[in-house]
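Student: Sequence first, then the predicted structure:
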Amino acid sequence: MHILPLLLLVAGSAACAAAARRTPVPAPLLLVTVGLLISYVPGVPEYELDPDVVLPLLLPPLLYTAATDSSYLDLRAQLRPVALLSVGYVLFATLVVGWAAYLLVPSLPLTAALVLGAVVAPPDAVAATAVARRVGLPSRITTILQGESLVNDATAITAYKVALAAAVGEGATWAGGIGEFLLAAFGGIAVGLVLMVPLHWLRTHLKEALLQNTLSLLIPFVAYGVAEQVHASGVLAVVVVALYLGHRSWEVDFATRLQEEAVWKMVAFVLESAVFALIGLQLPVVLKDLGAYEGIDAAWYAVALFLVVVATRFVWVYPATFLPRIFSARIRKREENPTWKAPFAIGWAGMRGVVSLAIAFSIPLTMHGGEPFPDRNLILFLTFTTVIGTLVVQGLTLPPLIRLLKLPGRDTQAETLAEANAQAQASRSAEQRLDELLADERNALPPPLADRLRAVLERRRNAVWERLGSVNPVTGESADDTYRRLSGEMIGAERAVFVRLRDLRFIDDEMLRTLLRRLDLEEAAAYREAT
């Protein structure tokens, strides 16, 4: 792809995602829809998904940022439902959807149908996380969906490789398939376990935030590449490393954390936007070589397969939710009895995404004997329609469905109270440490500076409690909002003076940048203290 179309893709998808923030439509859905519409505008270049780009270059950073934002402790607490969805459901969907496709399409061999089943089996990590954040799902459901989407790509890619080997005539066996799956799974986990400690050690021993963040950008590609080099799962290697680094991010210095958060937010925003736009832009590529299946037959196959994919998830989710409780007294004792609503939300949140399309495009044109791969173009078309169908139908209806189900959302009052209690304990510890330090004559400070340290500590302690209090009856602002606004006004006045002095040549641009950076840090501190 030439540089100009690539720049247009990134810029256009970012602008569309930014516009989506001002609408009730989730950004992934708007991006896909716009991509579909633009794909037929005259002069728009053809954007064909290259699996050699998507899988090794786009998937690792997207998985890494999703995993570092996840909670290792929460995922461990939900290990059973996550494993049942990310491994059990994907294999179940591969078989059921593959068998259904075999029955639906007369010319499709069973091995090729299983390839299709593996391709459309995994829900998408980016779609699940983006929609879950937007609709405000309960934290447990969000954790389960995030955990599933982090691991299921590894299961699907391995199932695809086994099905593809059988389809192209490589003599794949059940024993060989199970062995390949175990090698990919345990190999990927092992690579992640081997890499995570030295990578974390390197992060904590690099002394410059710039170097630490450069390493942070390389980590997902290193983990993925090393795992794939030994024929293990690069997906699992990235997830293991990212969960460990995210869990221990507190050991990295503050400058690195601030920069890293900003850098990865930008990377995730750009990649997620481009990925969903690319999905919509595939329509001309998919239809171009559909051939004999154009018309009513292809549409019927698409609708039928979409319905099978949606139904298969419900067929798996409900037994996977309730059967463990029936057979295990320990689970019944430890966990609350679920209602039908949470499994329904999880079942409906099975949007497919770019990984399915990338895998589909990696299907070879010919088999070992030189014959064309059976119905490859139809498989591409059905994958595309399934991805679009789940994103549009399920993605658009998920927010009203959550409201209709009246699932309990996050208890913000309880969360704020827990935060306030934690801050109070930390502030008491900091105050004791400050008293110990000031008692030492080597740490003597003028009273105004010592008072300032105590005032900052007191402000930090009170800020969270004030969020539980009343608002200003005149402005409607909380004390936090007023504090932040006044601080911003004061800093803005200082900033204007510095700029005027630079324009009058009393200071140069280098000094201006130094002074502005100092004000930026002050403003960031004021914002943090008030939130």
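Tutor: Sure, I can see it.

Student: Can you report how many residues lie near Ser362?
Tutor: Under the neighbour criterion other C-beta atoms under 10 Å, Ser362 is assigned a count of 18. In short, each C-beta sits where N, CA and C put it, glycine included.

Student: That one contacts Asp50, correct?
Tutor: No. The pair Ser362 / Asp50 is not scored as a contact, 9.0 Å apart, by C-beta atoms under 8 Å.

Student: anything in contact with each of the two?
Tutor: Taking C-beta atoms under 8 Å, 6 or more residues apart in numbering as the contact criterion, Ser362 and Asp50 have no common neighbours.

Student: Now name the helix or strand holding Leu457.
Tutor: Taking DSSP states H and E as the definition, Leu457 sits inside helix 447-467.

Student: which other helices and strands contact that helix?
Tutor: With contacts taken as 3 or more C-beta pairs under 8 Å, 6 or more residues apart in numbering; DSSP states H and E, helix 447-467 sits against helix 412-438, helix 479-503, helix 509-529.

Student: Using CSV, lay out those together with mean neighbour count and distance to Leu218.
Tutor: CSV is the format used below for those (neighbours: other C-beta atoms under 10 Å; distance: least, C-beta to C-beta, whole Å):
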stretch, mean neighbour count, distance to Leu218
helix 412-438, 13, 33
helix 479-503, 14, 36
helix 509-529, 13, 27
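
Student: Any idea which helix or strand in the protein has the lowest mean pLDDT?
Tutor: Least confident helix or strand, the chain: helix 125-135 with a mean of 65, by mean pLDDT, DSSP states H and E.

Student: Skip ahead from that one and say which helix or strand is next.
Tutor: Downstream of helix 125-135, the next assigned helix or strand under DSSP H and E is helix 139-168.

Student: so how far is the helix or strand just after that next one off the chain centroid?
Tutor: Using DSSP H and E, the helix or strand that follows helix 139-168 towards the C-terminus is helix 174-205. Chain-centre distance of helix 174-205: 20 Å, with C-alpha atoms, centre = their mean, to the nearest Å.

Student: which residues sit against the following helix or strand past helix 174-205?
Tutor: Note on helix 174-205: by DSSP H and E, the next helix or strand toward the C-terminus is helix 209-229. Helix 209-229 has contacts (C-beta under 8 Å, 6+ apart) with 56-57, 59-61, 63-64, 187-188, 191-192, 195, 199, 202-203, 206, 233-238, 240-242, 245, 252-253, 255-256, 258-260, 263-264, 267.

Student: Any of these buried? List them.
Tutor: Among the contacts of helix 209-229, the ones that count as buried by 16 or more other C-beta atoms under 10 Å are 59-61, 63-64, 187-188, 191-192, 195, 199, 203, 206, 233-238, 240-242, 245, 252, 256, 260, 264, 267.

Student: could you dump the helices and strands packed on helix 447-467 to JSON lines with distance to Ala156 and mean pLDDT?
Tutor: Shown next, in JSON lines, are those (distance: least, C-beta to C-beta, whole Å; pLDDT from 0 to 100):
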{"stretch": "helix 412-438", "distance to Ala156": "35", "mean pLDDT": "79"}
{"stretch": "helix 479-503", "distance to Ala156": "45", "mean pLDDT": "84"}
{"stretch": "helix 509-529", "distance to Ala156": "41", "mean pLDDT": "78"}
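
Student: dump the residue contacts of Ser356.
Tutor: So Ser356 contacts 119-120, 122, 124, 156, 383, 386-387 (C-beta under 8 Å, 6+ apart).

Student: now with 6 Å?
Tutor: By C-beta atoms under 6 Å, 6 or more residues apart in numbering, the contact list for Ser356 reads 119-120, 383, 387.

Student: before we move on, which element is it in?
Tutor: helix 354-361.

Student: With just CA atoms, put that helix into PDB.
Tutor: Only the C-alpha atoms of helix 354-361 are listed here, as PDB (Å, rounded to 0.1, in the frame of the first residue of the first chain):
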ATOM      1  CA  VAL A 354     -10.700  -7.900  12.200                       C
ATOM      2  CA  VAL A 355      -9.000 -11.100  13.400                       C
ATOM      3  CA  SER A 356     -11.600 -13.200  11.700                       C
ATOM      4  CA  LEU A 357     -11.200 -11.300   8.500                       C
ATOM      5  CA  ALA A 358      -7.400 -11.500   8.700                       C
ATOM      6  CA  ILE A 359      -7.500 -15.200   9.200                       C
ATOM      7  CA  ALA A 360      -9.900 -15.600   6.300                       C
ATOM      8  CA  PHE A 361      -7.700 -13.700   4.000                       C
END
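
Student: in that helix, what's buried?
Tutor: For helix 354-361, using 16+ other C-beta under 10 Å, the buried residues are 354-361.
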